[in-house]
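Engineer: my questions are about this predicted structure, shown below with the sequence.
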Amino acid sequence: MKISFKNDYSEGCHPNILEALIINNTSQQEGYGLDEFSLKATELILKKCSSPDSAVHLVSGGTQANLIVIAALLKPHESVIAANTGHIFNNEAGAIEATGHKISTAESTDGKLRPEQIKKILDDHSRPPHQLKPRLVYISNATELGTIYTKSELEALYQCCQEHDLYLFMDGARLAQAMMASNNDLSWADVAKYTDVFYLGGTKNGALLGEAIVINNTRLQEDFAFHVKQKGAMLSKGRLLGLQFQALLENDLFLDLAKHANQEAMKIKEAFKRLGCSFLIETFTNQIFPILSQEQIKALSEGFEFYTWHKIDEENAAVRIITSWASKESIVDVFVDAIHALKK
């Protein structure tokens, strides 16, 4: 069986979560997120973000979180601004458009949006009521290309949104990995301060499933639970989500797992560098994109699985390598040895 570096959700969950599920399996709890574990998880999230007035809603997956947030926040004539690499634009089967909201995209080579790109799209939508009204800016941190936003970049985006009456929504499916990147200067309080809504991703960082939506803009909190319920995301056994986030957030396990994933990716990155490879984009999270020859890709594919991400030319392509919270050092070492064995 080949060793997979295709994604960071191939494994199940961290043992602490399994233990918590077993220990508390027969305890009777309130349903629909009112159990003691979900309440504790909410408390831990708000404390971590230094944002006591924020509201937390636990749902099962990232596409579900994106769909519910955007559908809840926007009126039928309002639209979304995103990078052309954005997950909602490329990887969610039109889920956002299916709710009736168009996505206007800006070209991005590093996965990030800039204020000037937002302003350009706003300028292109200057004929109300004949054109849709852009109302929400969607970003990811880490992005789909493994890059992250700095504090100054996020603050500038938020200021731009404030000036133009836009909501800023951060997809945090890999937020833990972004926060533990060696070049990160954002704090959890910064994330809460400079977004209207964001979510913490559990699925890609040690949970069986689960994302924690955090609504910082108090004006957007009213009736949000109705949208969660209508979209089928309010689990009767909400304890399953609460237990997982409680286990992840206690004793900083959530960050420790992300740190491990990043460190293993950097080992692989260094091996490709020693081989003389260039990269599609410079990253410091658990995603790397080395550019390889077709011969090198074929050689590595004999023992390992990964995605060929972007064609460079007829002879070369960028591949995507992702490590996870559960990537064993011994397995990474085997991959590093295979990289060293490649022909330059």
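Structural biologist: Thanks, I have it. Predicted model only: the values in this text are computed from it and were never measured. Numbering: from 1, shown residues only.

Engineer: could you point out the longest helix in this structure?
Structural biologist: helix 253-275 (DSSP state H).

Engineer: list the buried residues in that helix.
Structural biologist: 253-266, 268-269, 271-272, 275 (16 or more other C-beta atoms under 10 Å). Bear in mind the C-beta positions are built from the backbone N, C-alpha and C, glycine included.

Engineer: could you dump it to CSV, C-alpha only?
Structural biologist: Coordinates of each C-alpha in helix 253-275 appear next as CSV, following Å, rounded to 0.1, in the frame of the first residue of the first chain:
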residue,chain,number,x,y,z
LEU,A,253,-3.5,20.0,21.8
PHE,A,254,-5.1,21.8,18.9
LEU,A,255,-2.0,23.9,18.3
ASP,A,256,0.5,21.0,19.1
LEU,A,257,-1.1,18.9,16.3
ALA,A,258,-0.8,21.7,13.8
LYS,A,259,2.8,22.4,14.8
HIS,A,260,3.7,18.7,14.2
ALA,A,261,2.0,18.8,10.8
ASN,A,262,3.9,21.9,9.8
GLN,A,263,7.2,20.6,11.1
GLU,A,264,7.0,17.4,9.1
ALA,A,265,6.1,19.4,5.9
MET,A,266,9.2,21.5,6.4
LYS,A,267,11.4,18.4,6.6
ILE,A,268,10.0,17.4,3.2
LYS,A,269,10.4,20.9,1.9
GLU,A,270,14.0,21.0,2.9
ALA,A,271,14.7,17.6,1.2
PHE,A,272,13.2,19.0,-2.1
LYS,A,273,15.4,22.2,-1.6
ARG,A,274,18.5,20.0,-1.3
LEU,A,275,17.5,18.3,-4.5
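
Engineer: next structured bit after that helix?
Structural biologist: strand 287-288 (DSSP states H and E).

Engineer: show me what N316 is bridged to.
Structural biologist: When assigned by DSSP bridges, N316 has beta-bridge partners S293.

Engineer: contact partners for it?
Structural biologist: N316 is in contact with 291-294, counting by C-beta atoms under 8 Å, 6 or more residues apart in numbering.

Engineer: would TSV of the residues you listed with neighbour count, pLDDT and distance to A41 be doable?
Structural biologist: TSV is the format used below for those (neighbours: other C-beta atoms under 10 Å; pLDDT from 0 to 100; distance: C-beta to C-beta, whole Å):
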residue	neighbour count	pLDDT	distance to A41
I291	18	97	41
L292	24	97	41
S293	16	96	47
Q294	13	96	47
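
Engineer: looking at the residues you listed, spot the one nearest L168.
Structural biologist: Nearest to L168 out of the contacts of N316 is I291 (C-beta to C-beta; 32.7 Å).

Engineer: hang on, the closest one in a strand?
Structural biologist: Yes: according to DSSP: H, G, I helix; E, B strand; the rest coil, I291 belongs to a strand.

Engineer: quick one: contacts for it?
Structural biologist: Here I291 is in contact with 277-280, 312, 316-318 (C-beta under 8 Å, 6+ apart).

Engineer: still on that earlier bit, mind checking the pLDDT average for the longest helix of the chain?
Structural biologist: Averaging pLDDT along helix 253-275 yields 97.

Engineer: ditto for stretch 109-125
Structural biologist: 96.

Engineer: residues near the nearest residue to L168 once chain neighbours are set aside, how many?
Structural biologist: Of all residues not flanking L168 in the chain, C161 sits nearest, at 4.5 Å (C-beta to C-beta, 6 or more residues apart in numbering). C161 has 22 neighbours, counted by other C-beta atoms under 10 Å.
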